[in-house]
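K.L.:
Dropping a prediction and its sequence here:
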Amino acid sequence: MRILFIAVCGFLLCCKTGWSTDEKHVAVFLLIGQSNMEGHGRVLAEPQRNDGKGSLQWLAENRPDSAFARLRNPDGTWRQRDDVWVHYLQRHGRLQAGFGVQQDRMGPELGFGTVIGDALKQPVLLVKLAWGGKSLAQDFRPPSAGGTGTGAYYNEVLQRAQAVLANPAADIPELKGYQADLQGIGWHQGWNDRVNQAFNDEYESNMAHFIRDIRRDLKAPDLPFVIAETGMSGEQEKHPRALSLMKAQAAVATYPEFQGTVAFVGTRSFYRTPEESPLKQEYHWNGNAETYYLIGEGMGQAMLKLLK
């Protein structure tokens, strides 16, 4: 009788969740933001760019025992994971270096996908929804924030996410037969709100509204949400707007309603100077690949804690 009871309970559970024992599932994570989520970390070591320092290639070649060296094959090509895919607007494929704003760049997806892929047993799909020069106050403005109305890129995020979740194999044939399970959202954005006082003043409120609204609209209450700090000036940052925006990002994760489901990742310690980097472009983390990898790694580690 006990065996029969367990079998019946298992059958009812499968019916309740819509799963069956032979279904295949892919864990989906949305990576949302503006240009630093797109990714401006340099992949190739270009001699004219500070002798290649701070590029992913330079890091792999000069730190043979690091995580960066393990991203390459013995022949020097970049390793492709067979358990993590990336869906980035019009670009799709297995995770490897080169899924940044251009194919010679990288973003947080590489560190994030490495951490999550190593930890989860099921395959992983990272859906990058990022566009340069977008604010939370206008472009990503959530519906419940009121004011100027829902931002066009809030709607874009929602529509694109829903399409991929409904049919992950539409652009990635290897995922044919897989059911998409939305597991979490990573957020790295803030520059366009950081440079505008009015946008800055309402950032904390808008961020909280965004989390509530996107969870509601994706029908995923308590969906894990990780906020990566807009810390591209490093520990020495003193500008009042920059400091207040980072404070707002951290504050949202302390809301009682978000405890255990929203995490904040400090990033200022990941800053690398122009002397260590391919570029002198502070708002893009000086193009430093280590910085972008560490941001993604930190977000991935925070996400795993929320998932547990």
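P.N.:
Yep, it's here.
K.L.:
Can I get the helix or strand hosting residue 209 as CSV, trimmed to CA atoms?
P.N.:
Applying DSSP states H and E as the criterion places residue 209 in helix 203-217. Taking C-alpha atoms only, helix 203-217 is exported to CSV below (Å, rounded to 0.1, in the frame of the first residue of the first chain):
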residue,chain,number,x,y,z
TYR,A,203,16.2,55.0,-8.9
GLU,A,204,15.5,53.1,-5.7
SER,A,205,11.7,53.3,-6.1
ASN,A,206,11.9,52.4,-9.8
MET,A,207,14.2,49.4,-9.1
ALA,A,208,11.7,48.0,-6.6
HIS,A,209,8.8,48.6,-9.0
PHE,A,210,10.8,46.9,-11.8
ILE,A,211,11.3,43.7,-9.6
ARG,A,212,7.7,43.5,-8.6
ASP,A,213,6.4,44.2,-12.1
ILE,A,214,8.6,41.9,-14.0
ARG,A,215,7.9,39.0,-11.6
ARG,A,216,4.2,39.7,-12.0
ASP,A,217,4.3,39.9,-15.8
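K.L.:
contacts for that helix?
P.N.:
136-137, 140-145, 154, 157-158, 185, 190, 193, 221-223, 225, 227, 244-245, 248-249, 251-252, 255, 258, 262 (CB atoms under 8 Å, 6 or more residues apart in numbering). (Each C-beta comes from the backbone N, C-alpha and C, glycine too.)
K.L.:
Pull the distance from it to the chain's centre.
P.N.:
When distances are taken as CA atoms, centre = their mean, to the nearest Å, helix 203-217 is centred 16 Å away from the chain's centroid.
K.L.:
residue ranges for the helices of the protein, please.
P.N.:
2-17, 35-38, 56-62, 109-119, 152-166, 191-194, 197-201, 203-217, 240-252, 289-307 (DSSP state H).
K.L.:
Mind putting those into JSON lines with distance to residue 49, mean pLDDT and mean neighbour count?
P.N.:
Putting those into JSON lines (distance: least, CB to CB, whole Å; pLDDT from 0 to 100; neighbours: other CB atoms under 10 Å) gives the following:
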{"stretch": "helix 2-17", "distance to residue 49": "51", "mean pLDDT": "37", "mean neighbour count": "10"}
{"stretch": "helix 35-38", "distance to residue 49": "18", "mean pLDDT": "98", "mean neighbour count": "25"}
{"stretch": "helix 56-62", "distance to residue 49": "10", "mean pLDDT": "97", "mean neighbour count": "21"}
{"stretch": "helix 109-119", "distance to residue 49": "19", "mean pLDDT": "98", "mean neighbour count": "24"}
{"stretch": "helix 152-166", "distance to residue 49": "31", "mean pLDDT": "98", "mean neighbour count": "17"}
{"stretch": "helix 191-194", "distance to residue 49": "22", "mean pLDDT": "97", "mean neighbour count": "23"}
{"stretch": "helix 197-201", "distance to residue 49": "32", "mean pLDDT": "98", "mean neighbour count": "15"}
{"stretch": "helix 203-217", "distance to residue 49": "33", "mean pLDDT": "98", "mean neighbour count": "21"}
{"stretch": "helix 240-252", "distance to residue 49": "26", "mean pLDDT": "98", "mean neighbour count": "18"}
{"stretch": "helix 289-307", "distance to residue 49": "11", "mean pLDDT": "98", "mean neighbour count": "23"}
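K.L.:
can you tell me which of these comes nearest to residue 28?
P.N.:
Each of the helices of the chain was scored for nearness to residue 28 using CB to CB, and the closest is helix 152-166 (6.3 Å).
K.L.:
Off-centre distance for the closest one?
P.N.:
15 Å.
K.L.:
okay if I get the helices of the chain as TSV plus distance to residue 23?
P.N.:
Shown next, in TSV, are those (distance: least, CB to CB, whole Å):
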stretch	distance to residue 23
helix 2-17	9
helix 35-38	31
helix 56-62	37
helix 109-119	21
helix 152-166	15
helix 191-194	41
helix 197-201	44
helix 203-217	24
helix 240-252	35
helix 289-307	20
